[in-house]
Structures are given as C-alpha cells and as structure tokens.
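Trainee: Could you look at this predicted model? Sequence included:
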Amino acid sequence: RTIRITDLLQIRQPSSLTLSPDGRLAAFTLKDVVEDGQAPGGYRYDTHLWVVPIDGSSAPRALTSGPRSVSQPVWHPSGEVLTFVRQPENGGGPQVHALALDGGEAVALTDHPGGASSPRWSPDGTRLSYASSVGHAELLADSAHAEGPAWRQERPGRDPAAILAGAEPDPDGSIEQIRAWLDRNEREGEPRVVDRLNLQGETDLAPEIRYSHLHVLQVAENREQAESLEWLRGWKAGRGVPLTQGYFSFAAGGWSADGASLFVTAALDSARHPDRVDNADVYRLDLPDDGAPESPPHPVLVLASERYAYFAPLPS
C-alpha cells in the first residue's frame with residue numbers, strides 16, 4: 001500500500017545513546033507519539049529511558065513511563081544508577097533524577113528554583129555537577145550582584161528608574177504617567193517588549209537574558225559510600241553549591257580524571273553585551289579534594305580563540 005499520514009505515528013526515534021562504565025549495557029532515550037485527548041491535535045510526544053545489553057542477550061526494556069518525558073541520560077560511575085533530567089511530579093522546572101537499575105522509583109536529586117540540567121558525575125561518584133538558569137532581573141535583585149553588569153545596557157529610549165520615580169500610571173494622563181503605565185504593563189508581561197539581538201528561544205521568544213550557572217552537589221563522603229548506593233536511599237532533593245556566578249553563562253564539559261577540576265566553556269568578556277559575543281573559551285574550575293567549595297572558584301583560562309566557540313571539553 002502507499003504511505004499514509006498515520007504511518008508517522010509509528011515512527012520511534014532513539015537518541016542520547018550512552019554506554020555503562022563496564023561497557024555491558026547501553027542506555028538511550030526513545031521518543032514515541034502517544035494518543036492524548038487533552039493535547040493539541042489529540043497526540044503528544046513522550047520520550048523515555050531504555051536500557052539494553054550490548055551483547056543482545058535480551059530485548060531493550062523501558063525504565064520510565066508516563067507523560068513526563070526524560071532527557072540527558074548519564075551513568076553513575078558505579079554503573080548501577082542512571083541519572084536523567086525531567087520535570088518533577090508537582091510541576092515546575094526540570095530537575096536531575098536518579099534511578100537504580102535494581103528497581104524502585106526514580107528519585108529527584110535536585111530541587112533548584114531555576115531548574116537543573118546537564119548532569120556530570122565526578123569520577124568517584126561522590127559529586128554531581130549540573131547547570132541551572134537565572135534571569136537578569138532575578139540576578140539584579142541579588143544583593144551580591146545589585147550593581148549590574150559591566151557591559152552597557154543596550155535598551156534604547158528611556159530610563160525605567162526615572163519613570164518609576166513618582167509618576168502615577170495612567171493611560172489618559174501626562175506623558176510621564178502614560179510611560180509609567182506602559183512600563184507597568186511591560187513588567188507584568190502584557191505586552192512583552194523584545195529589544196535583544198538574540199531574541200529567539202527554542203520554542204518561544206526570549207525577551208529577558210538568562211544566564212546558565214553551574215552547581216555541585218555532594219551525594220557521598222567517599223567512593224565506597226557512593227558505590228554502595230546508600231546515599232540514594234532516603235535522599236532528599238536539594239540545591240547544590242554554586243561554582244559560577246555573575247552576568248555570564250557557563251556550560252559544563254567534563255571532570256578531570258582525579259576529580260580535582262571541572263572543565264567548562266564560557267565567554268567572560270565583561271565589556272560586551274552577551275548577545276554580541278559568539279565565541280566561547282575553555283576554563284578550568286579547581287575544586288577541593290573532597291566536598292564542595294565554600295565560594296565559587298576562579299575560572300582558569302585553558303584555551304581561547306577570537307574566531308571559534310568551543311564546547312563540551314572532555315579531558316582524557
């Protein structure tokens with residue numbers, strides 16, 4: 001027969017293949033089309049975590065199910081736990097979860113207000129680094145960053161501080177009152193005002209600059225405890241210690257073999273608006289021998305270029 005439109009519903013898309021530390025198993029995500037009367041068009045995409053023996057001794061089996069899709073699977077160094085990213089049951093931003101292969105429910109490792117993604121395990125399995133985002137206004141409200149960025153704000157036209165100095169919002173009032181009314185509406189998101197160069201997100205507009213920062217979560221005191229998986233039983237989701245800060249974005253790469261450093265990429269040009277910076281350099285974050293740092297470590301430049309954007313550095 002000829003191809004029909006409904007044949008598209010049978011397409012299953014595997015991705016994010018990752019091998020277990022001992023090379024015996026492969027984990028991957030599988031995207032399916034699922035009927036859903038509440039979804040637009042009556043269907044939705046579900047992406048779930050699967051695992052399969054490399055030698056083909058048994059069929060692939062699903063580790064997750066339901067309407068909450070998963071992404072970014074990463075093996076714990078013990079080979080007994082898979083971590084991944086998905087939304088928690090009570091909603092909100094995506095968080096890092098962990099699932100033991102010997103059974104049981106997935107456990108949320110993080111509970112970060114800005115969500116959590118890009119999990120990376122230290123070689124001994126005692127620490128987990130992840131990325132979380134923070135908005136420009138939220139960062140300004142933090143007393144540690146209240147002075148604002150060094151680069152010049154490129155918004156044209158007016159000074160919001162002057163508008164809010166005393167004018168009462170009124171659409172039929174003076175020019176100052178009209179501007180105050182427009183400013184209030186904008187702050188409430190109606191309408192959204194976009195004046196960025198990089199204004200397009202993946203699925204929507206991105207009027208506000210957001211910054212990606214890295215954190216580290218201590219899950220075990222030593223390798224033996226990490227491999228025993230005792231840390232996972234009774235775990236309560238929390239917020240890691242910040243590794244980066246400020247009006248910049250950082251992306252995680254990989255840990256050094258000794259677990260003493262995390263290699264990341266960033267564009268740390270304080271004089272230029274982030275939307276005008278296309279290159280990204282490689283930096284090293286040096287961490288304590290054990291545990292998390294008391295304050296964000298100073299990024300050490302490893303590799304730089306004015307012409308290229310580096311990403312995903314993986315030390316051997």
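Mentor: That came through, no problem.

Trainee: Just list the residues touching the most centrally placed residue in the chain, thanks.
Mentor: Among the residues of the chain, the one closest to the centroid is Ser117, at 3.2 Å (Cα atoms, centre = their mean). If you count contacts by Cβ atoms under 8 Å, 6 or more residues apart in numbering, Ser117 has them with Gln72, Val85, Pro94, Val96, Tyr130, Ala131, Ser132. Bear in mind the C-beta positions are built from the backbone N, C-alpha and C, glycine included.

Trainee: what sits opposite it in the beta ladder?
Mentor: Per DSSP bridges, the residues bridged to Ser117 are Ala131.

Trainee: Val216 now?
Mentor: The partner residues for Val216, given DSSP bridges, come to Ser129, Val241.

Trainee: same check, this time on Val33
Mentor: Tyr45.

Trainee: Could you give the number of residues near it?
Mentor: Residues lying near Val33 (other Cβ atoms under 10 Å) number 16.

Trainee: I figured it hits Thr6, correct?
Mentor: No: Val33 is beyond contact range of Thr6, at 10.0 Å (criterion: Cβ atoms under 8 Å).

Trainee: Check the gap between Ser174 and Glu168 for me.
Mentor: Using Cβ to Cβ, to the nearest Å, Ser174 is found at 9 Å from Glu168.

Trainee: got it, and Leu229?
Mentor: Taken as Cβ to Cβ, the span from Leu229 to Glu168 is 61 Å.

Trainee: Mind checking which of these two has more residues around it?
Mentor: Leu229 (18 against 10).

Trainee: confidence score at that one?
Mentor: With respect to pLDDT, Leu229 scores 87.

Trainee: cool, the one 5 residues further on as well?
Mentor: Here, the pLDDT recorded for Gly234 equals 84.

Trainee: And for it, the neighbour number?
Mentor: Gly234 is flanked by 7 other residues according to other Cβ under 10 Å.

Trainee: And for the one 4 residues further on?
Mentor: For Gly238, the neighbour count with other Cβ under 10 Å is 13.

Trainee: Confirm for me that it is in contact with Ala108.
Mentor: No: counting by Cβ under 8 Å, Gly238 sits too far from Ala108 to count as a contact (9.5 Å).

Trainee: I figured Leu140 hits Ala146, correct?
Mentor: Yes: the pair Leu140 / Ala146 is scored as a contact, 6.3 Å apart, by Cβ under 8 Å.

Trainee: and the two? which has more neighbours close in?
Mentor: When Leu140 and Ala146 are compared for neighbours, Leu140 comes out ahead with 13 against 9, by other Cβ under 10 Å.

Trainee: How about the contacts made by that one?
Mentor: Shown in contact with Leu140 (Cβ under 8 Å, 6+ apart): Ala146, Gly148.

Trainee: Let me know the pLDDT of it.
Mentor: 89.

Trainee: how near is it to Ile209?
Mentor: Distance from Leu140 to Ile209, by Cβ to Cβ: 11 Å.

Trainee: what is the mean pLDDT for stretch 281-293?
Mentor: Mean pLDDT, stretch 281-293: 87.

Trainee: Only the buried residues of it, if you could.
Mentor: Asp281, Val282, Tyr283, Arg284, Leu285, Leu287, Ala292 (16 or more other Cβ atoms under 10 Å).

Trainee: Now distance to Pro313 and secondary structure too, for those residues, in JSON lines please.
Mentor: Output for these, formatted as JSON lines (distance: Cβ to Cβ, whole Å; DSSP: H, G, I helix; E, B strand; the rest coil):
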{"residue": "Asp281", "distance to Pro313": "10", "secondary structure": "strand"}
{"residue": "Val282", "distance to Pro313": "5", "secondary structure": "strand"}
{"residue": "Tyr283", "distance to Pro313": "9", "secondary structure": "strand"}
{"residue": "Arg284", "distance to Pro313": "9", "secondary structure": "strand"}
{"residue": "Leu285", "distance to Pro313": "11", "secondary structure": "strand"}
{"residue": "Leu287", "distance to Pro313": "16", "secondary structure": "coil"}
{"residue": "Ala292", "distance to Pro313": "21", "secondary structure": "coil"}
